[in-house]
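Undergrad: A predicted structure for the sequence below; I have some questions about it.
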Protein chains: 2
Amino acid sequence: MKESSGGRHTIRDVAKAAGVSISTASNALNGTGRTNAETREKVRRIAEEIGFRPNALARGLLTKRSHAIGMLTNDTYGRLTLPMASGVSEVLVDHGVSLFLCATNNNPRLAKLHLEALLDRQVDGIIFTATRIDLEPPPELTKLRIPVVYVFAQGPSDSVSFHPDDAQGARLAVEHLQRLGRSRILHITGEQNYRAACIRAEAYRELVGPTAEVMFGDWSEEWGHAAIETVFSRSGAKPDAIFCGSDEIARGVIDALRDRNISIPDDIAVVGFDNWEVVSRQTRPPLTTVDMELKELGHRAGLAILGLSKGETVAPGVERLPCTLVIRRSADQPGQA
Amino acid sequence: MKESSGGRHTIRDVAKAAGVSISTASNALNGTGRTNAETREKVRRIAEEIGFRPNALARGLLTKRSHAIGMLTNDTYGRLTLPMASGVSEVLVDHGVSLFLCATNNNPRLAKLHLEALLDRQVDGIIFTATRIDLEPPPELTKLRIPVVYVFAQGPSDSVSFHPDDAQGARLAVEHLQRLGRSRILHITGEQNYRAACIRAEAYRELVGPTAEVMFGDWSEEWGHAAIETVFSRSGAKPDAIFCGSDEIARGVIDALRDRNISIPDDIAVVGFDNWEVVSRQTRPPLTTVDMELKELGHRAGLAILGLSKGETVAPGVERLPCTLVIRRSADQPGQA
DNA sequence: TGTTTTTGTTAAAACCTTTTAGCAACTAAA
DNA sequence: TTTAGTTGCTAAAAGGTTTTAACAAAAACA
């Protein structure tokens, strides 16, 4: 088996070995055109034997489909995008599509650099992720000739976006607490300039009514602690349940309550948001929390960009994927309360 | 400005607009061959004007350098690979090289699939990452004609690997505790089948001598808790310092000590490993810990693969990058103890 | 028999770029 | 004047694949 170039076999080698022309070899391998069943089998057998794999660059150059998609993300460290990205990757690899990872570090210059590189590489589509409310997707994105899918972020109105259903997730948490018979439910959450925080707070308010109280802060454990300080240093009735905007906040809350010898969930039940297992499994007691099904979100986004890149149409707008409630001891089943 | 194909301008368009041949346009843009300064400027100006950018697929096909490298990783959720990957990405983007992310989920079939896709795309090199000691890099990797760099993982003896200097990091921690005057230092760490755990334990033993005691467990907070239970339920002298194999373990240890009203650092000083800030900043008191400089590790790995892919030679073997000690209140400065 | 259809195959064009080799014109040296 | 060298440019090949159009041979039809 001699090789014609650079160590890898080309379709030329296959054709020569099979005693056919390059076009016939191509047709036989791809099942296109008309080929005799016998020659088709022969070509395929030989290709298999010498381990021929088509050069993706050459194919992409000609077909205008690179079978690669790019993912722009501003949050490399976060626990949001990465499980999601792994979901995307899972779907793509099954379709022979590869994923470019572009970490923009919230730097517009870097975002632009990455975007240009992706276009130079003729990617078939782009997934854009960003979590901050004030971080608008780069306007260049809307003018591309390739499809773009937004996750966590909001594109223009006719674009395709996927978000967790924050409102439904919040309702899951609050309704669970209400079923436990809790009537004074407090909401401690993160920064008000995150859209997700506002949506959850709104859903909470609707269910809880006039006694609702939302404490915005940041997404840290420390803030959970501080919020409990505040609540217990002021007069008035204390809550009998706390719905937290993240597992980290919930962890701070739980630790602060334990310091005060308040029993969880007997005196106060606690529910978190994220199901970040490294936190939610390790609080004492373990945390009941809302799971955003990030991997599934990635699957859906992956399928959407695949479809779009093939020219299929996908319903525009924000699709909100349902969250699930993971019940652990910090807010038990109704029967056990 | 009419476009010759698919919406993007090609070098053809540039050449036509500048009234020169394609070759001259190419030479002018790349500074190759001989070109009159005047025409060179003109071509460049026009290219800029119409926003010409060369098609990376065509260029890669011809030059046999795709300016892309692939990263195979088995740990998508972990906090180890991702900061590292972001370091890799930072270096690459500066050199116009893009990064394929391949999450293998510890699945050999998937690893193979990804590897083949990377080769089809003619990547210039591969970075392989894996943290488990028992996870050997796929043997296919050693037979490639493109360079491979290993991070956290161990390649064959003539390969290039980058690791944190676990021994030096452990010494940093232990020597710090010794300078604080602590003499009964205990080491609570993770699974014994992680090479890193063994190396750190070994370095610890050498410094501490006959009183050394290593408790292997797993990498969880829970294990930190459980280990403290064990230590305090048995007879004998108690430690006056604990060196933990991870920040998570340290967090469990700190919580368990606080439950017992043991003062940190007065009675027992605690040092962690990772400087995973979401943990180390939030423990009470905040955690003194070893930082593995993951981003720097990524930088180095990125530079190495870039160099190798250009044909430069890089010294083979395992390069161990120094860790740093981040001092917080769980083990103060000597002066303050 | 002659005419149309079908079948299997192939040469060549196309995708977009870089690079090689060569050409013409001009300059400098002999 | 010839020779040699330099400059600025270009045609053409190359890279590996898919696709189009054409062709010959065989089959079906009249």
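TA: Everything's here; your move.
Undergrad: Quick check: bridge partners of residue A:125?
TA: As for beta bridges, residue A:125 partners with residue A:69 under DSSP bridges.
Undergrad: surely it meets residue A:149?
TA: Yes. Under the criterion of C-beta atoms under 8 Å, residue A:125 makes contact with residue A:149 at 7.0 Å. Every residue, glycine included, has its C-beta placed from N, CA and C.
Undergrad: Please identify every residue contacting each of those two.
TA: Shared contacts of residue A:125 and residue A:149 (C-beta atoms under 8 Å, 6 or more residues apart in numbering or on different chains): A:305, A:308.
Undergrad: any idea of the pLDDT on the closest residue to residue A:53 other than its chain neighbours?
TA: Distances taken as C-beta to C-beta, 6 or more residues apart in numbering or on different chains place residue B:120 nearest to residue A:53, at 5.3 Å, with adjacent residues excluded. Looking at residue B:120, its pLDDT reads 97.
Undergrad: Between residue A:125 and residue A:149, which has more neighbouring residues?
TA: residue A:149 (29 against 24; other C-beta atoms under 10 Å in any protein chain shown).
Undergrad: Need the contact partners of the helix or strand harbouring that one.
TA: Using DSSP states H and E, residue A:149 falls within strand A:148-151. With contacts defined as C-beta under 8 Å, 6+ apart, strand A:148-151 is touched by A:81, A:84, A:125-129, A:137, A:141-142, A:155, A:159-163, A:297-298, A:301, A:304-305, A:308.
Undergrad: what helices or strands is the lengthiest helix in chain A leaning on?
TA: Taking DSSP state H as the criterion, chain A has its longest helix at helix A:294-309. For helix A:294-309, the elements it packs on are strand A:68-73, helix A:81-94, strand A:125-129, strand A:148-151, strand A:160-164, strand A:317-321, judged by 3 or more C-beta pairs under 8 Å, 6 or more residues apart in numbering or on different chains; DSSP states H and E.
Undergrad: The ones you listed: lowest mean pLDDT?
TA: Across the helices and strands packed on helix A:294-309, helix A:81-94 gives the lowest mean pLDDT, at a mean of 91.
Undergrad: between the helix or strand just after it and helix A:294-309, how many degrees?
TA: Under the assignment DSSP H and E, the closest C-terminal helix or strand after helix A:81-94 is strand A:98-103. Relative orientation of strand A:98-103 versus helix A:294-309 (axes from the mean of the first three to the mean of the last three C-alpha atoms, to 10 degrees): 120 degrees.
Undergrad: Briefly note if strand A:98-103 comes near chain B.
TA: Yes. Applying C-beta under 8 Å from any C-beta of the partner chain, one finds strand A:98-103 touching chain B at A:98-103.
Undergrad: Those residues of the stretch 201-337 of chain A touching chain B, which are they?
TA: So the stretch 201-337 of chain A meets chain B at A:220-222, A:248, A:251-252, A:255, A:278, A:282, A:284 (C-beta under 8 Å from any C-beta).
Undergrad: out of those, which touch DNA strand C?
TA: Counting by C-beta under 7 Å from any atom of the strand, nothing from those sits close to DNA strand C.
Undergrad: does whichever residue of the stretch 151-300 of chain A sits closest to DNA strand D have beta-bridge partners, and which?
TA: Relative to DNA strand D, the nearest point of the stretch 151-300 of chain A is residue A:160 (26.5 Å; C-beta to the nearest atom of the strand). Bridge pairing for residue A:160 (DSSP bridges) gives the partners residue A:149, residue A:317.
Undergrad: tell me, how many neighbours does it end up with?
TA: Quick note: residue A:160 (other C-beta under 10 Å) scores 22 neighbours.
Undergrad: so it touches residue A:312, yeah?
TA: No. In this structure, residue A:160 is not within contact of residue A:312 by C-beta under 8 Å, at 11.4 Å.
Undergrad: now do the same end-to-end measure for stretch A:257-269.
TA: Start-to-end span of stretch A:257-269 (C-alpha to C-alpha, to the nearest Å) is 10 Å.
Undergrad: Most proximal residue of the stretch 101-250 of chain A with respect to DNA strand D?
TA: The stretch 101-250 of chain A approaches DNA strand D most closely through residue A:122 (12.7 Å), counting by C-beta to the nearest atom of the strand.
Undergrad: From residue A:298, how far out is the residue most central in space within chain A?
TA: Taking C-alpha atoms, centre = their mean, the centroid of chain A lies closest to residue A:84, which sits 2.9 Å from it. Distance, residue A:84 to residue A:298, by C-beta to C-beta, to the nearest Å: 4 Å.
Undergrad: List just the nearest of the residues of the stretch 201-337 of chain A next to chain B to DNA strand C.
TA: Using C-beta to the nearest atom of the strand, these come closest to DNA strand C at residue A:278, 46.7 Å.
Undergrad: and the closest one, how many neighbours?
TA: Neighbours around residue A:278, by other C-beta under 10 Å: 17.
Undergrad: Next up, phi/psi of it, please.
TA: Backbone torsions of residue A:278, given as degrees, to the nearest 10, read phi -60, psi -20.
Undergrad: Looks like it contacts residue B:248 (just checking).
TA: Yes. Using C-beta under 8 Å, residue A:278 makes contact with residue B:248 at a distance of 7.1 Å.
Undergrad: re earlier: in strands, which of the residues of the stretch 201-337 of chain A next to chain B appear?
TA: With DSSP state E as the criterion, strands contain none of these.
Undergrad: Hmm, which of these is lowest in pLDDT?
TA: Scoring these by pLDDT puts residue A:278 last, at 89.
Undergrad: Next up, the contacts around that one.
TA: Residue A:278 neighbours (C-beta under 8 Å, 6+ apart): residue B:248.
Undergrad: for the one 10 residues further on, same thing?
TA: By C-beta under 8 Å, 6+ apart, the contact list for residue A:288 reads A:176, A:269-272, A:325-332.
Undergrad: Switch the residues you listed over to a markdown table; also include distance to DNA strand C and secondary structure.
TA: A markdown table is the format used below for those (distance: C-beta to the nearest atom of the strand, whole Å; DSSP: H, G, I helix; E, B strand; the rest coil):
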| residue | distance to DNA strand C | secondary structure |
| --- | --- | --- |
| A:176 | 56 | helix |
| A:269 | 62 | strand |
| A:270 | 58 | strand |
| A:271 | 55 | strand |
| A:272 | 51 | strand |
| A:325 | 51 | strand |
| A:326 | 51 | strand |
| A:327 | 56 | coil |
| A:328 | 56 | coil |
| A:329 | 61 | helix |
| A:330 | 59 | helix |
| A:331 | 59 | helix |
| A:332 | 63 | coil |
